[in-house]
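Peer 1: Okay, predicted coordinates and the sequence, questions at the end:
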Amino acid sequence: MAISPSAHQKRPLPFESSPPSLGGEETSRPTKFAKTKKKKVSFNHAEPSRVHLFDPDNGHGVSYASRIEDNCIVIDDDDESDSDDDNHPRHQVPLTEELTVLSTIHGRQRRELRDITKLDLKTVMKYGTKSKGNFVNGDQRWKFEFGNTVYITDNTCRKEITCYKKAIDIQPAQITEEMWSNHRKALRILKNDPQLCTTHSVIIIDQSGSMKKCDVNGFRSRSDAAFGTLALDYIAEQLYQQGDEFFVDAVTIIEMNCRGSLFVHKEPMDWILFNEVLNRQKTAKPSSHGDYVASIEYAENIINNDLNSFTNIELDDIPAYMLVLLSDGAPSDKRPEHQRRRRDAICRLSEKLKSKLTVYGMGIGATGSDFEQLKYLVDAATQHGAEGQFNHAGLSPAELSTTFHTMATTMTTTRTGLLSNKTKRPKTEKRYTMRKNYNDVDLVPLRRETKNVSRWRYDNRTRPPWRKVDFLNKDARGFEVAEDPFGKGAERLAYMFYEIKKKQTGSGYEKVGKSMVAKNSIYTEDERSKEKFHTDFCRSQQKAWELALQFNRAVMKAPLLKPAKDEVSLPPPIQFLQCNVYEYEDYVGATCGLLVEKFLHGKFTKFSSNNGYVRKDDGSATIALEVGEVKLTDFLQAFSHWVYVSSSNNLLVCDLQGILNSEGIRPTFCLTDPAICSKERRYGKTDIGLSGIRNW
């Protein structure tokens, strides 16, 4: 159709009418344009192109899009020549009714693929900006832009060449040397100590041909949207939530089309992975069919290989797993046997992992898409003990973002739970009144025990492990213990204690020997299992004592830990106190016991704990060794690490507390009440298993 000059004169100018939103819907009222340097463009369903910069140092995405005022996009422009004056419209664009869009076969395919209707193209040409495009075979091409839709025509502006929607430009993270160092460290842990991994996300992303469609606003294709929101709202979100804390989580990504292919296998959750997934937006090539079976069975094999590497580990201590199935429709493998195999694989994993597995089904596609199989698989998971959830994100990037954000929050909560040392059942603390210090013996109410008192020592090298030994003082006939504690730990209360003997003249008893410390559980429930409480404590402390002796010998043999020239200082040995149990008969004739050890004089310090705490002691004394200047307290953390390595990653001695005895030529660490974390949880209530090892 030819363009009629007279018709052009009779029609209103573009800015005098209301532009319809993309997709053909009319706006309810006209949009007014201000005649200033700031041009307002109507803000309908089309979103402006945005550039999101991710800075791992502060965790904030920065948008360089134009600001929004009164439901309009405000574009700052200092160019006087571009004012939208009534007499000087920016572009003389032919009107919609006078446009003849000569669609080529290629153009129609592009529109179908990218969900851009002819009316959208007319809207872009009528209300959008026009600029020169590239020269192709000597012909000038023109570019029309409106919102996030771009339309390319030939030099006559009447023949369609192509069209597309501009995508969100997500910038990669800037990788520092520290990030690379943590990445390599996490890879070593995943390879050598897989039990220290807290979560493993296995994500299946549909890469069949239909994922090429460009109908998710802000993204080039459905595939682009899947990888983009996965990077932004799942990986980056968890990294932001964890902050600077180092953690080891694994991510596996399987791409699903006519077969299941591995894109990422057990990569650490970090900024290197973020960039890798982000780059996949550009390199992914969706094609062929979407067969569920191969990818789901592939995921099952990967998880089973993980489980086979965990030996002698309880279900509570293994990593948490998330299986994500993201697809834009029904599976291509539709035969009954395929449905059975899919379901069986999900059921087998659910029965093995129970609540340790969460299955997410995520549908991406227009309303009416067939997601019955995704829902069916999620239901199968929940019926067999796993957690499950299905969400239809539609074609909304906001819904995709929200779904991945929800999954990220779930994994962060799970990770926190795995790293915590909270007991499963709340316990009741005893009633007590704390004393300010250990002194003032005459002012403290005491309890005296003299009936059938005996002293016992634990030795796991003998059978039975408990053997009767003499009192520390040969004249002792009993003991006195304070009614109120002077110290409190996470599990125990500390009381003043000493042995007593009969007075040489007159009746009664008197203190004999040095003061000691009696320890008792802080919880009333432990009174019913006093023997186990004492056994666990003494077994842990004796094991730590044995390991400390071996560590001290290893330190003395290490060439780099020899004193430097002109230095006589030696590395400080580490010692743990020997503990005993004083058995007695109470006033009703019941046999009772009290845990007792030497009293440590000096500044009592907690150097580490079983929940990941390590004391930062910048003012610690140092010694000069062949390796260089070394802090004395560094030997304590070296001891914990040495135990872990020398036990083939089965034990960790932590919760180190006590004093640094600096009397004499050689300082010595005198420690008590350690925690030993083991895979089998063999060392009492403070043995929180892999949770403690992961935290450390």
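Peer 2: Thanks, I have it. Numbering: from 1, shown residues only.

Peer 1: So, low pLDDT: which residues of this protein?
Peer 2: Scanning the chain for pLDDT under 70 picks out 1-119, 148, 165, 415-427, 436-443, 525-530, 565-568, 618-619.

Peer 1: Which residue ranges of it form helices?
Peer 2: For the chain, the helices defined by DSSP state H occupy 5-10, 105-114, 118-127, 177-192, 222-229, 237-242, 271-283, 292-308, 336-353, 372-383, 397-419, 530-557, 634-646, 690-695.

Peer 1: who wins for proximity to Gly329 among those?
Peer 2: In terms of CB to CB, the element of the helices of the chain nearest to Gly329 is helix 372-383, at 9.2 Å. For the C-beta atoms, the positions are set from N, CA and C on the backbone; glycine is no exception.

Peer 1: And the helices of the chain: which comes nearest Tyr683?
Peer 2: helix 530-557 (4.5 Å).

Peer 1: Quick one: list the elements packing against that closest one.
Peer 2: For helix 530-557, the packing partners by 3 or more CB pairs under 8 Å, 6 or more residues apart in numbering; DSSP states H and E come out as strand 454-458, strand 574-576, strand 579-585, strand 591-598, helix 634-646, strand 651-654, strand 675-678.

Peer 1: where does that helix sit relative to the chain's centre, distance-wise?
Peer 2: Centre-to-centre, helix 530-557 and its host chain are 33 Å apart (CA atoms, centre = their mean, to the nearest Å).

Peer 1: Same check on stretch 542-561?
Peer 2: 35 Å.

Peer 1: Tell me which residues are up against that stretch.
Peer 2: 458-460, 570-571, 573-576, 578-579, 625-627, 630, 635, 639, 642-643, 646, 651, 653, 671, 674, 676, 683 (CB atoms under 8 Å, 6 or more residues apart in numbering).

Peer 1: cutoff 6 Å now
Peer 2: Residues outside stretch 542-561 that contact it (CB atoms under 6 Å, 6 or more residues apart in numbering) are Pro571, Pro573, Ile574, Phe576, Leu625, Glu626, Val627, Phe639, Trp642, Val643, Val653, Pro674.

Peer 1: Grab the two from those residues that are most spread out in space.
Peer 2: Glu626 and Pro674 (29.0 Å).

Peer 1: neighbour-wise, which of those two wins?
Peer 2: Pro674 (25 against 14; other CB atoms under 10 Å).

Peer 1: and the more buried one, what does it touch?
Peer 2: Pro674 neighbours (CB under 6 Å, 6+ apart): Ala544, Val653, Asp655.

Peer 1: Turn those residues into a markdown table, columns for distance to Asp244.
Peer 2: Listed next are these as a markdown table, based on distance: CB to CB, whole Å:
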| residue | distance to Asp244 |
| --- | --- |
| Ala544 | 31 |
| Val653 | 26 |
| Asp655 | 23 |
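
Peer 1: From one end of stretch 282-293 to the other, what's the distance?
Peer 2: From its first residue to its last, stretch 282-293 covers 27 Å (CA to CA, to the nearest Å).

Peer 1: sorry, that was for stretch 635-654
Peer 2: 13 Å.

Peer 1: Now distance to Ser208 too, for the contacts of stretch 542-561, in a markdown table please.
Peer 2: A markdown table is the format used below for the contacts of stretch 542-561 (distance: CB to CB, whole Å):
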| residue | distance to Ser208 |
| --- | --- |
| Pro571 | 63 |
| Pro573 | 65 |
| Ile574 | 60 |
| Phe576 | 62 |
| Leu625 | 62 |
| Glu626 | 62 |
| Val627 | 58 |
| Phe639 | 55 |
| Trp642 | 52 |
| Val643 | 51 |
| Val653 | 53 |
| Pro674 | 56 |
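
Peer 1: Now restrict the residues you listed to buried residues only.
Peer 2: Buried subset of those (neighbour count, 16 or more other CB atoms under 10 Å): Pro571, Pro573, Ile574, Phe576, Leu625, Phe639, Trp642, Val643, Val653, Pro674.
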